[in-house]
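Predicted model, plus sequence, below.
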Amino acid sequence: MSVMALSGAGGMDAFEEFVRPPVNETPSERADRKMREAREKLISDAIDEQIRQDKQTQQREKGLVKVLLLGQSESGKSTTLKNFRLAYARNEWEAEKASWKAVIQLNLVRSIGHILNTLQAEIDGEPPSSTESDDIDPLTDPSDIPADGDDSNLSQSQFASVDLQSLQGLRIRFAALRRVEMVLKLKLGAGTEEITSMDEYPETPSDSGQESRSAEAPDSRYLVRIRKNSRRKRVQGGEMAVRGLRWREFLSSARRDSLFGRGTDAQMQDSADADVAQILAGCREDMKSVWMNQTIRAILRKRRVDMENNAGFFLNDIDRIASSSYVPSDDDVVRSRLRTVGVQEYRIYVDLPNSNVYKSTPKREWVIHDRRAWIPFFDDVNAIIFLAPVSCFDEVLLEDSTINRLNDSVALWKAIISSRLLENVTMICFLNKCDILKRKLKSGIRFSRYVREYGDRPNEITPVVKFIKERFRNIAIKYSIDQRTTYIYTTSVTDTKATAATLRSVRDSVFRTNLASAQMV
Ligand SMILES: Nc1nc2c(ncn2[C@@H]2O[C@H](COP(=O)(O)OP(=O)(O)OP(=O)(O)O)[C@@H](O)[C@H]2O)c(=O)[nH]1
Ligand SMILES: [Mg+2]
């Protein structure tokens, strides 16, 4: 019941009308009704619980393990899924790798576009459109923005007079890249779409000013992402996204070619691919000189455009990617960015640990879901991998610029931990993007400026990660309904080698817990 109340905005009016109390109800009738409703709720909850347990038992009998990947946008859910596939579904991974080439090329072209737009904004004297969190110590001087170069001499007028002409020259030389962008978007067309940041958020009761709450999870309003009309912000030019159920369509395009030979469509596609590769190769030196240009770097720094830490960063790989013989590496595919809308479901067979206990069942089927609108998927889930991108301590949500991204992750973690629907689920938390966190701290961005309780502890990766880990662990201890073991890892899921070791440990913990509960049944 609470699931419906939270996830559905429309269609409830008629139901509410039906259950509305009678108009002239006497106090004793009211007391009777309340008791009746409480009894009915108990029965309904017991039935729900029975259904959930039955489903879990059925699943165990079938040997299925259902894992849910959860986390805010760009937390690394799809990247973690890629790591699972790389480790446990190698053949499919190899077959689908070619599908990612266009995504990677598009990531690169869009980075160049982003730089050109930033230069244009600088010339036009636009204020920086900051994604930086407002949630900072109000006593801090706003001009106290650390930068690793001396950009103070770089006045807007200086750049405008010196480089306006060169920017126009660049725009002309890069005109062909616009065509490449269009061709790549068409190519990705099967299963993908261009979206703005808000398109993916369903209307929620909060849109109409109502607050959504559940009696079962005190913070469950965080489980339905809140959309605030006044704060809508569009992603510049939209971002390519794959809608969950069309994921296979996107990935199968490469396999179709290899399985069924090459028809006319495929030949046209080949010639479009060759076109793209040729244009990219033609722009290679210009792209490199833009990325290596120190004045441009200084402007990016001044406007706090952090290309290295942006999703789909390939500017250090221009030589390789803008070449006609480019073939994506495993690492490229893992680092490429294609936003997910809706649910992605994957079934993979996971090797079991090499121990006597597991000898009779050497592999288990895992169903992995990657999603953000979560509640309907809580049913019969065995484990949750929650991704908290800890490098985002100084950023705000794209979809709501009043919310600090680290605070958002903490609130989501608390909501998940305290949800009754999930009390029997193995909880795993990835404190992700530790590599970016390390780079940020090194560049001089002070953690304590955004997280005041951190105080004057050293601005270094080890104590900062320890502090965040303790915060997540304390929430798990304080808000778990029953005592349960929670596994918290520090990760950089773009590092596939380290992540493979983490996933092995996750596999062991999930099996240990599920085996223990299966024996108890
Ligand atoms: N450097 C670094 N980049 C990461 C890490 N994890 C993810 N990324 C990058 O961050 C971007 C976003 O990751 P995704 O896996 O697409 O995020 P998501 O949670 O699936 O995001 P949505 O689909 O929008 O919900 C991608 O470009 C990844 O390559 C990390 O640990 N370190
Ligand atoms: Mg995704």
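Received, thanks. Ligands and ions are numbered 1, 2, ... in the order given.

From now on I want contacts and neighbour counts done on CA atoms only, so please keep to that.
Will do.

Tell me where the chain is predicted with low confidence.
Judged against pLDDT under 70, the low-scoring parts of the chain cover residues 1-20, 56-63, 129-165, 189-268, 342-344, 352-366, 368-377, 514-521.

List phi and psi for Glu74.
phi 60, psi 30 (degrees, to the nearest 10).

can you give me the end-to-end distance of stretch 287-301?
One end of stretch 287-301 sits 18 Å from the other (C-alpha to C-alpha, to the nearest Å).

Next: stretch 323-335.
End residues of stretch 323-335 are separated by 19 Å (C-alpha to C-alpha).

is ligand 1 contacted by it?
Yes: on the criterion C-alpha under 6 Å from any ligand atom, stretch 323-335 is in touch with ligand 1 at Arg335.

what's in contact with that stretch?
Applying C-alpha atoms under 8 Å, 6 or more residues apart in numbering, the contact partners of stretch 323-335 are 79, 82-83, 97-98, 100-101, 104, 274, 277-278, 280-281, 311-313, 320-321, 494, 496.

What count of nearby residues applies to Ile385?
22 (other C-alpha atoms under 10 Å).

Show me the contact partners of the helix or strand harbouring it.
According to DSSP states H and E, Ile385 maps onto strand 383-389. Identification of contacts with strand 383-389 by C-alpha under 8 Å, 6+ apart yields 65-72, 74-77, 406, 409-410, 413, 425-434, 510.

Report the entries of the contacts of stretch 323-335 that also contact ligand 2.
Taking C-alpha under 5 Å from the ion as the test, ligand 2 is in contact with none of the contacts of stretch 323-335.

rewinding a little: which ones among the contacts of strand 383-389 are found in strands?
Cross-referencing those against strands under DSSP state E gives 65-71, 426-432.

of those, closest to ligand 1?
Closest approach between these and ligand 1, by C-alpha to the nearest ligand atom: Asn432, at 5.0 Å.

Can you report how many residues lie near that closest one?
Neighbour tally, Asn432, other C-alpha under 10 Å: 25.

all strands for the stretch 351-500 of the chain, in order.
Along the stretch 351-500 of the chain, counting by DSSP state E, counting those that start in this stretch, strands occupy 363-370, 383-389, 426-432, 486-490.

Please read the previous query as pertaining to the stretch 201-350 of the chain.
239-243, 339-341, 344-351.

re the thing from before, out of the strands of the stretch 351-500 of the chain, deepest packed?
Stretch with highest mean neighbour count among the strands of the stretch 351-500 of the chain: strand 383-389 (a mean of 25; mean count of other C-alpha atoms under 10 Å).

State the distance from the closest residue to Ile104 other than its chain neighbours to ligand 2.
Using C-alpha to C-alpha, 6 or more residues apart in numbering and skipping the chain neighbours, the partner closest in space to Ile104 is Ser336 (5.6 Å). Remark: distance between Ser336 and ligand 2 (C-alpha to the ion, to the nearest Å) = 11 Å.

wait, Ser336 sits on Leu108?
No: Ser336 lies out of contact with Leu108 (C-alpha atoms under 8 Å); the separation is 9.6 Å.

between the two, what contacts are shared?
Joint contacts of Ser336 and Leu108 (C-alpha under 8 Å, 6+ apart) are Gly312, Phe313.

can you pull up the bridge partners for whichever residue of the stretch 301-450 of the chain sits closest to ligand 2?
Residue nearest to ligand 2 within the stretch 301-450 of the chain: Thr340 (3.9 Å; C-alpha to the ion). Note on Thr340: beta-bridge partners by DSSP bridges are Val242.

repeat for the one 10 residues further on
When bridges are called by DSSP bridges, Val350 pairs up with Arg364.

Could you tell me how many residues sit around it?
Neighbour number of Val350 under other C-alpha under 10 Å is 19.

List every C-alpha atom in stretch 97-111, with coordinates, as PDB.
Only the C-alpha atoms of stretch 97-111 are listed here, as PDB (Å, rounded to 0.1, in the frame of the first residue of the first chain):
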ATOM      1  CA  LYS A  97      32.100  -3.800 -26.900                       C
ATOM      2  CA  ALA A  98      31.800  -2.400 -30.500                       C
ATOM      3  CA  SER A  99      28.500  -0.800 -29.600                       C
ATOM      4  CA  TRP A 100      30.300   1.600 -27.200                       C
ATOM      5  CA  LYS A 101      32.600   3.100 -29.800                       C
ATOM      6  CA  ALA A 102      30.000   5.700 -30.900                       C
ATOM      7  CA  VAL A 103      29.300   6.600 -27.200                       C
ATOM      8  CA  ILE A 104      33.000   7.200 -26.600                       C
ATOM      9  CA  GLN A 105      33.400   9.200 -29.800                       C
ATOM     10  CA  LEU A 106      30.400  11.300 -28.800                       C
ATOM     11  CA  ASN A 107      31.700  11.800 -25.200                       C
ATOM     12  CA  LEU A 108      34.900  13.200 -26.800                       C
ATOM     13  CA  VAL A 109      33.100  15.500 -29.200                       C
ATOM     14  CA  ARG A 110      30.800  16.800 -26.500                       C
ATOM     15  CA  SER A 111      33.800  17.600 -24.300                       C
END
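
Can you pull the residues of the stretch 251-400 of the chain lying near ligand 1?
Ala311, Gly312, Arg335, Ser336, Arg337, Leu338, Arg339, Thr340.

Just the ones of those in helices?
With DSSP state H as the criterion, helices contain Arg335 from among these.

Asp379 - nearest residue in space that isn't next to it in sequence?
Counting by C-alpha to C-alpha, 6+ apart, Asp379 lies nearest to Arg52, which is 6.5 Å off, once chain neighbours are set aside.

Put together a markdown table for the residues of the stretch 251-400 of the chain next to ligand 1, with neighbour count on each row.
A markdown table is the format used below for those (neighbours: other C-alpha atoms under 10 Å):
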| residue | neighbour count |
| --- | --- |
| Ala311 | 16 |
| Gly312 | 23 |
| Arg335 | 21 |
| Ser336 | 24 |
| Arg337 | 24 |
| Leu338 | 21 |
| Arg339 | 19 |
| Thr340 | 22 |
